[in-house]
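Participant: got a structure for you, letters missing:
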């Protein structure tokens, strides 16, 4: 929540640490301002596979 464009650098550094020298897959980050109910903070992670 409260993701700002300037936070992108921190996210990219984290991905670099996680993936190292391996090629990185596609990723999308979506920032939101508020939740309908703040106590319902949810993270959704999806992995796609192409055969």
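Facilitator: On my side now, so go ahead. In this text, all values refer to a predicted model and were calculated from it rather than measured experimentally.
Participant: so how far is residue 51 from the residue nearest in space to the middle of the chain?
Facilitator: Geometric centre of the chain, nearest residue: residue 29, 4.1 Å, by Cα atoms, centre = their mean. Relative to residue 51, residue 29 is positioned 26 Å away (Cβ to Cβ, to the nearest Å). (Each C-beta comes from the backbone N, C-alpha and C, glycine too.)
Participant: with residue 37 instead?
Facilitator: Per Cβ to Cβ, residue 37 is found 39 Å from residue 51.
Participant: out of the two, which sits in the busier spot?
Facilitator: residue 37 (7 against 2; other Cβ atoms under 10 Å).
Participant: report the secondary structure state of that one.
Facilitator: Secondary structure state of residue 37, per DSSP: H, G, I helix; E, B strand; the rest coil, is coil.
Participant: repeat that for the one 4 residues further on.
Facilitator: Under the three-state scheme (three-state DSSP), the conformation of residue 41 reads as coil.
Participant: can you pull out the strands in this structure?
Facilitator: Listed from the start of the chain, the chain has no strands (DSSP state E) to report.
Participant: check residue 31 and give its pLDDT.
Facilitator: Note on residue 31: pLDDT of 75.
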